[in-house]
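Novice: Everything below, folded, please.
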Amino acid sequence: MNPLLCFIRARLQRRLFLWFGATILLTGLSVMLLMGMGEGGRDGWRHEMDRVRALTADRFGHVWADPEARAELGQSVSRDLDVTVVLEDEAGAKLASFGGPCGGKPMTTKVTRDGRAVGAVSICVDRYRSRPLRFLFTLLVPGFILWGASGAIARRLAYPMGALARVAEELGSGNFSARVKLRRRHAHGEVAALAQTMNDMAARIERHLAEQRELLAAVSHELRTPLARIRILTEMARDQGADSKTLDDLDREVMEIDALVGDLLASSRIDFAVLSVRPQSAVEAAARALERASVDAGALDVEADDPGDPLAVNADATLLGRALANLIDNAKKHGGGVSTLRIRLRGDRIAFEVEDRGKGFKEGEEKQIFEPFYRRSEQGSLGLGLSLVKRIAEAHRGEAYAENREGGGARVGIALPVAKDAVRV
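Specialist: Numbering: from 1, shown residues only. All right, here's what the predicted structure looks like:
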């Protein structure tokens with residue numbers, strides 16, 4: 001794997017790990033603070049100790065003069081509270097000791113009787129003073145366990161990010177067959193959706209490049225035929241003298257090459273989104289298309305409820321002209337000629353429909369004719385004309401459609417959005 005990707009993945013994992021640790025630490029401190037506040041903290045501990053001292057001094061003050069009662073009380077306190085009790089006289093000499101040895105600092109209380117100090121009682125409270133340490137220990141152990149588990153969680157979260165970064169780098173380097181492959185436990189959620197989107201994007205790019213390569217191969221093959229014919233016609237014209245038929249054939253071959261190159265240029269404009277969309281008169285565009293295709297202007301039929309309606313569309317003039325030319329050319333080559341070029345409203349769009357005099361479409365062919373490289377006959381052209389028509393319509397947020405007409409013949413058209421700001425004539 002690329003060192004940069006390794007660094008990114010490791011850095012993400014480390015950051016997640018540290019954030020988990022910081023969160024656990026803050027949670028532990030918050031718990032300690034809240035529990036300390038609930039019990040009064042250190043002030044609460046001192047208050048409790050003062051109460052214990054007062055109680056001890058009072059109890060032992062009542063029985064201090066009676067050695068048996070004093071010893072019995074000391075034994076009872078040591079046994080009931082599980083502490084070490086040491087009794088001393090007023091000079092500090094030990095009188096008695098109850099319980100085990102004291103390992104910490106004892107709590108000493110003066111015993112008074114009639115306002116005079118008569119002795120002292122020491123209670124070893126080391127086990128109670130160790131409680132905060134035990135409490136802290138009980139927080140640290142789960143904290144370290146959770147922090148260790150967070151390392152595994154961080155690795156699990158960082159893995160799909162590393163996989164996405166790896167595939168992105170491969171796509172950037174030109175390997176469009178690269179795909180994101182996640183483990184089963186990552187097959188759901190937002191990361192899985194992102195991985196699926198990236199895989200779909202890579203598949204579309206790969207398919208688009210494959211189509212481009214196929215297009216270049218097909219165009220190269222198609223251009224060889226008219227070029228070869230042009231060479232033959234040129235030789236014939238040179239050897240036999242140029243007659244009108246030879247020149248017409250030569251002109252037709254040149255026109256085929258020009259149409260093919262025009263389709264390719266229009267396709268490239270769509271690919272690179274080089275569109276100049278402006279309001280265009282639908283009637284004028286259709287009339288120009290018929291004139292250029294040498295079709296009688298009487299074939300134009302305009303259906304409009306309001307004669308003053310300008311019937312304008314938002315379109316790129318060059319691409320609109322290419323789409324209409326391809327529709328007319330399709331009717332001439334495969335439909336026996338153009339019967340009508342009709343302009344009509346189709347919802348909130350203006351439709352350009354070319355009707356022919358042919359036999360119509362075979363069942364299911366209405367959709368296939370818009371696919372790239374689809375040929376309606378073995379002698380047909382490359383199959384780019386209607387495919388380009390569909391792409392032009394979609395680039396203008398319109399649609400392309402085809403259907404059989406009642407009484408015979410086919411109808412192929414495009415519908416483009418109406419130009420709302422068109423001016424009435």
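Novice: Let me see the contact set for residue 151.
Specialist: Taking C-beta atoms under 8 Å, 6 or more residues apart in numbering, we find residue 151 in contact with residue 17. Heads up, the C-betas are built off the backbone N, CA and C, glycines and all.
Novice: host element of it?
Specialist: Using DSSP states H and E, residue 151 sits within helix 131-172.
Novice: what about the residue lying closest to residue 317 once chain neighbours are set aside, helix or strand, and which?
Specialist: Residue nearest to residue 317 in three dimensions, not counting chain neighbours: residue 280, with 5.7 Å by C-beta to C-beta, 6 or more residues apart in numbering. Using DSSP H and E, residue 280 sits in strand 277-281.
Novice: pLDDT on the helix holding residue 151, on average?
Specialist: Summarised as a single mean, pLDDT over helix 131-172 is 71.
Novice: Following the chain onward from it, which element is next?
Specialist: Using DSSP H and E, the first helix or strand after helix 131-172 is helix 190-240.
Novice: Can you give the distance of that following helix from its chain's centre?
Specialist: Relative to the centre of its chain, helix 190-240 is centred 32 Å away, using C-alpha atoms, centre = their mean, to the nearest Å.
Novice: how much space between residue 192 and residue 255?
Specialist: Applying C-beta to C-beta, to the nearest Å, the value for residue 192 to residue 255 is 53 Å.
Novice: who's more crowded, those two?
Specialist: Counted by other C-beta atoms under 10 Å, residue 192 and residue 255 do not tie: residue 192 has more neighbours, with 14 against 11.
Novice: and the gap between the more buried one and residue 168?
Specialist: As judged by C-beta to C-beta, residue 192 and residue 168 stand 16 Å apart.
Novice: hey, where'd the helices end up in the protein?
Specialist: Per DSSP state H, the chain carries helices over the ranges 3-38, 41-63, 67-81, 126-129, 131-172, 190-240, 244-271, 282-292, 317-334, 365-368, 385-395.
Novice: got those helices as a markdown table, with distance to residue 114 columns?
Specialist: A markdown table is the format used below for the helices of the chain (distance: least, C-beta to C-beta, whole Å):
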| stretch | distance to residue 114 |
| --- | --- |
| helix 3-38 | 41 |
| helix 41-63 | 9 |
| helix 67-81 | 16 |
| helix 126-129 | 32 |
| helix 131-172 | 37 |
| helix 190-240 | 81 |
| helix 244-271 | 110 |
| helix 282-292 | 121 |
| helix 317-334 | 117 |
| helix 365-368 | 116 |
| helix 385-395 | 109 |
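Novice: Listing request: residues of the stretch 251-400 of the chain with sub-threshold pLDDT.
Specialist: Along the stretch 251-400 of the chain, the parts satisfying pLDDT under 70 run over 251, 258-274, 305-309, 373, 375-383.
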